[in-house]
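K.L.:
The amino acid sequence is not available; the structure is as follows:
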């Protein structure tokens, strides 16, 4: 009898949408020219979610009130900044995706996690499809000493990997990287859309079925997204992204998705010879190298999750030699800066239309919080008037289209962080001034409109 021919389908490489024919635009994510051809996925025998009759008889529902949550259900990595982003540690049986640019420190961080967990007496399996055992050992020697609980495996065949994990389940597994793994049931090259999707599905079954914490490394595309189908991010429990300039020594770990914690937390690391080191006082680290007696520079207080953070905003405003002025931003929203300049021109009569404007958030960090509005406005005014502001000044607040300065959350924490670093004057919304003005040695100045800011500072 002739063997049945495998049918092919088309997948969207952006969101994973499946279609029987090629389409120019994906109906799911509206992206153009993202469909690639691949074989139709086949349900694995015995290991998929399609359970047999015996498994269905063994499964039984549980009363929610009888389910208990214990502290030991999380694996504390010993890296405070990573535990903060994860919400207190790695949840047992979870699947976590770590993405970032090449060479930014993904493998180094996970190797440090393996070191800490193994030294706690937990069995850890590090599976690499990109490096040999000798290469991993050379990197591990720079990090420190490992215990006997640390196991290494260089393999890309997912069937063999699954068999090894099932035979003697460790407490944590690291896959470096998901793009190098391949499933024999899928006739596509490693890294293809169908391979990445099916390989992640197998790892998800292992994590949930055996209670093993799995961390996978994902490469990113030139757009900064994890390579492969976007459905990959929907399948995992947590998605962490490494940010930062590859030429700088610091790295920022941001939680984009987290089913067990906040998605607003960030962790700050510094790349050293011995690996990634935590930066507990991120504000002081971000403000290193501030210019003295320079106009257009102001410190603003932002919040990332529960952490207040001070960053420097720089602005350069100069007369344009062209008919259309040039506007450029780094680290903040371009359209937001244009909106704030329009508010200044309309509500306060500041003639910014014939001027080029450049706004930069120093340190390479990207901040989109509305509380940065007041700092951006002050930096633009400082550069426009060529007026040097006090180095002890910090500001925060949201600016509306009518020129009003609106209140923001966590005002007391922002003021406390600024006072801890030696700042003496704080410009903030008037509605927050009463809350922050009691006690402390900082001078609190509440403003209601952008015109109030101009009157007080310029």
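P.N.:
Good, I have the coordinates. For clarity, every value in this text was computed on a predicted model and none was experimentally measured.
K.L.:
In the chain, where is pLDDT below threshold?
P.N.:
1-7, 14, 39-59, 70-72, 221-231, 245-248, 437-440 (pLDDT under 70).
K.L.:
For it, which segments count as helices?
P.N.:
With DSSP state H, the ranges of helices along the chain come out as 53-58, 80-86, 106-119, 133-143, 158-167, 193-210, 231-235, 282-286, 334-348, 373-385, 411-420, 430-436, 450-457.
K.L.:
Out of those helices, which is closest to residue 35?
P.N.:
helix 193-210 (9.5 Å; C-beta to C-beta). C-beta here means a position set from N, CA and C on the backbone, and glycine is covered the same way.
K.L.:
Report the inter-axis angle for the closest one versus helix 158-167.
P.N.:
10 degrees (axes from the mean of the first three to the mean of the last three C-alpha atoms, to 10 degrees).
K.L.:
contact partners of stretch 258-272?
P.N.:
81-82, 84-88, 91, 94, 105, 108-109, 237-239, 249-257, 276-279, 282, 285, 304-307 (C-beta atoms under 8 Å, 6 or more residues apart in numbering).
K.L.:
So for stretch 264-277, what gets flagged as buried?
P.N.:
By neighbour count on 16 or more other C-beta atoms under 10 Å, the buried set for stretch 264-277 is 265, 266, 267, 268, 269, 271, 275, 276, 277.
K.L.:
Strands - which of these land there?
P.N.:
The strands, defined by DSSP state E, take in 266, 267, 268, 269, 271, 275, 276, 277 from the buried residues of stretch 264-277.
K.L.:
Please name the bridge partners of the fifth one.
P.N.:
I take that to be residue 271. residue 276 (DSSP bridges).
K.L.:
rewinding a little: mind giving me the PyMOL select for the contacts of stretch 258-272, buried ones only?
P.N.:
In PyMOL syntax, the buried subset of the contacts of stretch 258-272 is picked out as below (16+ other C-beta under 10 Å):
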select buried, resi 81+82+84+85+86+87+91+94+105+108+109+237+238+239+250+251+252+253+254+255+276+277+279+282+304+305+307
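K.L.:
coming back round to it: now render the helices of the chain as CSV, adding distance to residue 149.
P.N.:
CSV is the format used below for the helices of the chain (distance: least, C-beta to C-beta, whole Å):
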stretch, distance to residue 149
helix 53-58, 31
helix 80-86, 19
helix 106-119, 4
helix 133-143, 14
helix 158-167, 15
helix 193-210, 17
helix 231-235, 28
helix 282-286, 32
helix 334-348, 49
helix 373-385, 48
helix 411-420, 39
helix 430-436, 49
helix 450-457, 58
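K.L.:
out of the ones you listed, nearest to residue 401?
P.N.:
helix 334-348 (6.3 Å).
K.L.:
Nearest to residue 101 among the buried residues of stretch 264-277?
P.N.:
residue 271 (12.7 Å).
K.L.:
how close does that closest one sit to residue 365?
P.N.:
Separation of residue 271 from residue 365 (C-beta to C-beta, to the nearest Å): 15 Å.
K.L.:
What of residue 309?
P.N.:
Residue 309 is 8 Å from residue 365, by C-beta to C-beta.
K.L.:
between the two, what contacts are shared?
P.N.:
Counting by C-beta under 8 Å, 6+ apart, the residues touching both residue 309 and residue 365 are residue 286.
K.L.:
Please give me every residue in contact with the closest residue to residue 456 other than its chain neighbours.
P.N.:
Nearest residue to residue 456 in three dimensions, chain neighbours excluded: residue 445, at 6.5 Å (C-beta to C-beta, 6 or more residues apart in numbering). Counting by C-beta under 8 Å, 6+ apart, residue 445 makes contact with 425, 426, 427, 428, 433, 456.
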